[in-house]
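K.L.:
just a sequence and a predicted model for now, questions to come.
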Amino acid sequence: MLKNITMGQYYPVDSPVHRMDPRMKLVLTIIFIVTVFLSHSFVGYLLLLAFLVLACRVSNVPFRLLLKGLRPLRLIIIITFLLNLFFTSGEDVWVSVWVIRITREGFLQALFYSLRLVFLVAGTSLLTLTTSPVALSDGIEMLLSPLKVIHFPAHELAMMMTIALRFIPTLLEETDKIMKAQMARGADFESGNILARAKAMIPLLVPLFVSAFRRAGDLAMAMESRCYHGGEGRTRLRVLKTTRNDWLALLTVLCLLGLIILEGIFLKGVLF
Amino acid sequence: METDSRIELKDVSFTYDEAPSPALSHISASVQPGEFVAVLGHNGSGKSTLAKLINALYIPSEGNVVVCGYNTKEEKVVWDIRRRAGMIFQNPDNQIVATVVKEDVAFGLENLGVARDEMIPRIEQALSAVRMSKYADSAPHTLSGGQKQRVAIAGILAMEPSVIIADEATAMLDPSGRREVLDTVRMLNRTKNITVLWITHFMEEAALADRVLVITDGEIRLQGTPAEVFDRVEEMQEMHLDVPPMTALANSLRQKGMPLPAGILTVDDMVQEVEKLLCPSKSVT
């Protein structure tokens, strides 16, 4: 049962977006987030939507997967919507019952802010859907490496991420084994209320932690014996290369940003 | 390849922090270049400590360990020693760092700062030497124990070592995995003249070595060729160590008066000797 867990939400197909340099994808995602915040009208949102649909098409990722990323955040999106709906003052009153007043302005603002969240999540999902966790950690290391000057541990961070990724399947397998061993001795992980079930996890977690620490000790020794001494003077097998596609994507996103800025200047408050 | 791949232990003692008695006391031994030496001992005998001393993971409390001409006590040469003396550990899962086989083989080279262009052929050579080329792009957790150990060997091989130390590298494997790993290392020993220190508690494995060191309670009790060591059946049994079944049988038969020579390790040896006794005229090949 634990074998079926996939790592992150990476959608492993081949596409120009999948082949892009992870550094570029990270940068583009940041620009996209800024663009979303700069957008001031529904016209801007139409542009953003058009961009996301296009990006989805190019990356061979089904659009519904992009929306699937919204599920864990649905509560926050609904609350944002409701708060804005009920607590925005305005002149064009639609409904007025007791203390609740729903206005046209309130409705539009509620829609606007919840859609902003939707765009933010969908845009970042596109990054994690098209970039494998290893590539992502590589990209983060490279982007953060200038910060080494101020002693930011960029290499160590990426090494930790890689090792964590490497050990996820190993530890899952072990969890499965311990679980079965405890179940064979009558442990019950499934019944009872949430407190009882949490308590039942203790005999699972304690051996798992002990073994994880032992593995960490072993691995540290194995790494040292293979001459690991931090990031200094280290070369890399995996290299990141930016290609023409990367610059094309950058151009597209910058165009989007430009359009949104123009929209902000000319259409500010039009649909408000 | 280095010409001097000798390992020299001179009166070495080692005590763990806060341990009441030393794990190893006054060990002196040497391993010649190109030799395949097995270290035999049961759990807690100090044989793993010995491996870690040679790789400069531990520094002796007393005495000197000299590997390929470098003394492990000198801090400057630690990386030189570890590059020349590669180590394979017991648990195949806990020594693989990367999420893809070829990247794990690259790990040691990356640490040494080898240029990428040079890295790629060295990885290919190392993987083909352990016959794991077709798994270059696999994820380690999809491999069997024996295959993982071979990947670990490739990771060391890529660094072009002159010594391989296997610290119970087969202890967690099934019989076929054990065969795979042992055969790989023996082949490397013969073809590339890599010195091997094979630490084990399986006497069948020790029987294949050029020389055997028997360690008990942190001391070397016996050493010599497998035939010399295993013929001392009583001493071995006293140390709770097994001898090959044929050696034990030959010993019993000898005590009953059958004139069998010493040095019988395998069924083939036994067949040969018994045939010689039964029909002395027939020449046995």
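P.N.:
Happy to help now that I have it.
K.L.:
what parts of chain B come near chain A?
P.N.:
Within chain B, the positions near chain A by Cβ under 8 Å from any Cβ of the partner chain are B:52, B:55, B:57, B:79, B:82-83, B:86-87, B:89, B:91, B:93-100, B:102-103, B:106-116, B:119-120, B:123, B:139-141, B:155-156, B:159. C-betas here are computed from N, CA, C, even on glycine.
K.L.:
let's go with 6 Å and repeat that
P.N.:
Chain B comes close to chain A at residues B:55, B:79, B:82-83, B:87, B:89, B:91, B:93-95, B:99, B:103, B:106-108, B:110-114, B:119, B:141, as judged by Cβ under 6 Å from any Cβ of the partner chain.
K.L.:
ranges for the strands of the stretch 1-150 of chain B?
P.N.:
For the stretch 1-150 of chain B, applying DSSP state E, counting those that start in this stretch gives strands covering B:7-14, B:24-31, B:36-40, B:62-67, B:70-71, B:85-88.
K.L.:
can you list the low-confidence ranges for the chain?
P.N.:
If you meant another chain, say so; for now it's chain A. A:1-8, A:268-272 (pLDDT under 70).
K.L.:
wait, chain B was what I had in mind.
P.N.:
Those would be B:1-3, B:282-285, if you go by pLDDT under 70 across chain B.
K.L.:
just want the most central residue of it.
P.N.:
Of all residues in chain B, the one closest to the mean position by Cα atoms, centre = their mean is B:Trp198, 1.0 Å from it.
K.L.:
turn the strands of the stretch 1-150 of chain B into JSON lines, including mean neighbour count.
P.N.:
Below are the strands of the stretch 1-150 of chain B laid out as JSON lines (neighbours: other Cβ atoms under 10 Å in any protein chain shown):
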{"stretch": "strand B:7-14", "mean neighbour count": "19"}
{"stretch": "strand B:24-31", "mean neighbour count": "18"}
{"stretch": "strand B:36-40", "mean neighbour count": "25"}
{"stretch": "strand B:62-67", "mean neighbour count": "19"}
{"stretch": "strand B:70-71", "mean neighbour count": "18"}
{"stretch": "strand B:85-88", "mean neighbour count": "26"}
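K.L.:
got the residues of chain A near chain B?
P.N.:
Residues of chain A lying near chain B (Cβ under 6 Å from any Cβ): A:134, A:165-166, A:169-170, A:215, A:218-219, A:222, A:225-228, A:233-237.
K.L.:
need the buried ones from those selected in PyMOL.
P.N.:
PyMOL command restricting those to the buried ones, with burial defined by 16 or more other Cβ atoms under 10 Å in any protein chain shown:
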select buried, chain A and resi 134+165+166+169+170+215+218+219+222+225+226+227+228+234+235+236+237
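K.L.:
hey, what's B:Met87 bridged with?
P.N.:
Beta-bridge pairing for B:Met87 (DSSP bridges): B:Ile165.
K.L.:
wait, isn't it in contact with A:Glu224?
P.N.:
No - using Cβ atoms under 6 Å, B:Met87 is not in contact with A:Glu224; the gap is 9.7 Å.
K.L.:
so which of the strands of the stretch 1-150 of chain B gets nearest A:Arg116?
P.N.:
strand B:85-88 (54.8 Å; Cβ to Cβ).
K.L.:
can you tell me what sits against that closest one?
P.N.:
A:Ser225, B:Asn55, B:Val67, B:Ala152, B:Ile156, B:Pro161, B:Val163, B:Ile164, B:Ile165, B:Ala166, B:Ala169 (Cβ atoms under 6 Å, 6 or more residues apart in numbering or on different chains).
K.L.:
and these as CSV, adding distance to A:Pro62?
P.N.:
Listed next are the contacts of strand B:85-88 as CSV, based on distance: Cβ to Cβ, whole Å:
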residue, distance to A:Pro62
A:Ser225, 46
B:Asn55, 51
B:Val67, 57
B:Ala152, 40
B:Ile156, 44
B:Pro161, 49
B:Val163, 54
B:Ile164, 50
B:Ile165, 52
B:Ala166, 49
B:Ala169, 46
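K.L.:
out of the residues you listed, which comes closest to B:Ile7?
P.N.:
Among the contacts of strand B:85-88, and counting by Cβ to Cβ, the member closest to B:Ile7 is B:Val67, at 5.4 Å.
K.L.:
returning to that earlier point: of all the strands of the stretch 1-150 of chain B, which one is nearest A:Leu147?
P.N.:
The nearest among the strands of the stretch 1-150 of chain B, by Cβ to Cβ, is strand B:85-88 at 34.2 Å.
K.L.:
mind checking the SS state of the residue nearest to the centre of chain B?
P.N.:
Here B:Trp198 takes the strand state, with states given by DSSP: H, G, I helix; E, B strand; the rest coil.
K.L.:
chain neighbours aside, what residue packs nearest to it?
P.N.:
B:Ala38 (4.6 Å; Cβ to Cβ, 6 or more residues apart in numbering or on different chains).
K.L.:
quick check: that neighbour touching B:Ala206?
P.N.:
Yes - counting by Cβ under 6 Å, B:Ala206 is a contact partner of B:Ala38 at 3.9 Å.
K.L.:
mind listing the shared neighbours of these two?
P.N.:
B:Val212.
K.L.:
please, where are all the strands along the stretch 151-285 of chain B?
P.N.:
Using DSSP E, counting those that start in this stretch, strands in the stretch 151-285 of chain B cover B:163-167, B:195-200, B:211-216, B:219-224.
K.L.:
who does the last one pair up with?
P.N.:
Here strand B:219-224 is paired, per DSSP bridges, with strand B:211-216 (antiparallel).
K.L.:
which residues touch the partner strand?
P.N.:
B:37-41, B:45-47, B:206, B:220-223, B:226, B:229, B:239.
K.L.:
from the residues you listed, pick the one nearest chain A.
P.N.:
Proximity of those to chain A, judged by Cβ to the nearest Cβ, is greatest for B:Lys47, which lies at 15.9 Å.
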